[in-house]
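> sequence first, predicted coordinates after that:
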Amino acid sequence: SRALPDKTWACNSCGAVALEWSATCGNCHAFDTIIWKEPPRVEQLHTVLFSKGEELQAQIIENEKLG
């Protein structure tokens with residue numbers, strides 16, 4: 001089981017995370033949208049679509065990182 005992330009100040013309009021409460025969002029400048037909530041979650045990317053040349057190059061780069 002994973003622990004839940006600590007809550008943070010975030011804009012309810014654009015989702016930007018803020019270090020502290022403010023009357024306006026520093027990102028989208030919306031008024032009265034900063035709320036105390038769980039931060040957005042980052043999901044693992046499983047599939048990335050490339051053209052054939054980019055896919056081959058990505059595999060080579062990944063193999064170099066592993067080797």
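The structure has been received and is ready for your questions. Numbering: from 1, shown residues only.
> next, count neighbours for I34.
As a burial measure, I34 scores 22 neighbours (other C-beta atoms under 10 Å). Where you see a C-beta, it was placed from the backbone N, CA and C, and this is true even at glycine.
> bridged to it, which residues?
C11 (DSSP bridges).
> tell me the contacts of it?
I34 makes contact with W9, A10, C11, N12, A18, W21, S22, A23, T24, C25, according to C-beta atoms under 8 Å, 6 or more residues apart in numbering.
> hmm, 7 Å instead?
I34 is in contact with W9, C11, A18, W21, S22, C25, counting by C-beta atoms under 7 Å, 6 or more residues apart in numbering.
> how many other residues sit next to the closest residue to F31 other than its chain neighbours?
Spatially, and ignoring its direct neighbours in sequence, F31 is nearest to T24 (5.3 Å; C-beta to C-beta, 6 or more residues apart in numbering). Neighbour count of T24, defined by other C-beta under 10 Å: 13.
> then C11?
21.
> please enumerate the strands of this protein.
For the chain, the strands defined by DSSP state E cover 8-11, 17-18, 34-37.
> and among the ones you listed, the most buried is which?
Stretch with highest mean neighbour count among those: strand 8-11 (a mean of 18; mean count of other C-beta atoms under 10 Å).
> who's in contact with that strand?
Outside strand 8-11, the residues that touch it by C-beta under 7 Å, 6+ apart are 16-18, 20-21, 25, 27-28, 30, 33-37, 39.
> if you set the cut-off to 6 Å instead, what comes out?
With contact meaning C-beta atoms under 6 Å, 6 or more residues apart in numbering, strand 8-11 is reached by V17, A18, W21, C25, T33, I34, K37, P39.
> quick one: the spatially closest residue to N27 that is not a sequence neighbour from E38, how far?
Excluding its sequence neighbours, the residue lying closest to N27 (C-beta to C-beta, 6+ apart) is A16, at 3.6 Å. Distance, A16 to E38, by C-beta to C-beta, to the nearest Å: 14 Å.
> comparing these two, which residue is more hemmed in?
Neighbour tally, A16 and E38, criterion other C-beta under 10 Å: the higher count belongs to A16, 16 against 11.
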